[in-house]
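# Could you work out the structure for the sequence below:
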Amino acid sequence: MDASFDHAPEDLWVFAYGSLIWRPGFDHVERVPARLVGLHRSLCIYSFDHRGTPERPGLVLGIDRGGACRGIAYRVTAANRAATLAYLREREQTTSVYRETVRTAWLEGKPERRIEAVCFVADRSHAQYAGRLTLEQQLHLVRQGHGRSGNNRDYVIETVAALESLGCRDAPLHLLAERLKGPHETPADS
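Below you'll find the model as predicted:
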């Protein structure tokens, strides 16, 4: 995005699909359940920073092609627009694994409202794009992952809890969270 986007005179909408749902970290004046069409939530990004390291990667969410995704849309005042974008870029783009883009989102309500929201889409050409992994591969990566934002296991469980509070069930993520809550042997235990 260019500087004119950052300093546009209108309010900014941000679409959240993962940890931004439960820990946005920026001021907002509205928080509304929303959905994107054409993208789905996926645990498809190797984390080398927030939830893992290059030597012991974790796994974090991205939104990837196809399907639909329920999440939260935050409205940020025009006065806070540039600061919010700067914050999001620092948080989400530490390794440039996402493409910052603006997509149409639908806000829940009667009637639904259509907005344009900033979101961070998985860059399939990036080295950290994991693509589709088996449940066992996901479990291994999440169990080993720990980075500057904490434990990868907690990230998955917190996200699932946030989705449940929205009345949303993401079957693959919920299955992973259930398995993570069970007994297991971690690499540190061996």
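
# does Lys110 count as helix, strand or coil?
At Lys110, secondary structure determined by DSSP: H, G, I helix; E, B strand; the rest coil is coil.

# quick one, phi/psi of it?
Taking degrees, to the nearest 10, you get phi -120, psi 100 for the backbone angles of Lys110.

# ok, it - contacts?
Taking Cβ atoms under 8 Å, 6 or more residues apart in numbering as the criterion, Lys110 is in contact with no other residue. Every C-beta, even on glycine, is put in place using the N, C-alpha and C of the backbone.

# what pairs with the one helix or strand Arg99 maps to, and is each one parallel or antiparallel?
When elements are assigned from DSSP states H and E, Arg99 belongs to strand 98-107. According to DSSP bridges, strand 98-107 forms sheet pairs with strand 30-47 (antiparallel), strand 113-122 (antiparallel).

# would you turn those strands into JSON lines with mean neighbour count and mean pLDDT?
What follows is these, written out as JSON lines (neighbours: other Cβ atoms under 10 Å; pLDDT from 0 to 100):
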{"stretch": "strand 30-47", "mean neighbour count": "20", "mean pLDDT": "97"}
{"stretch": "strand 113-122", "mean neighbour count": "19", "mean pLDDT": "97"}
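
# how close does Asp64 sit to Val97?
When distance is defined by Cβ to Cβ, to the nearest Å, Asp64 is 12 Å away from Val97.
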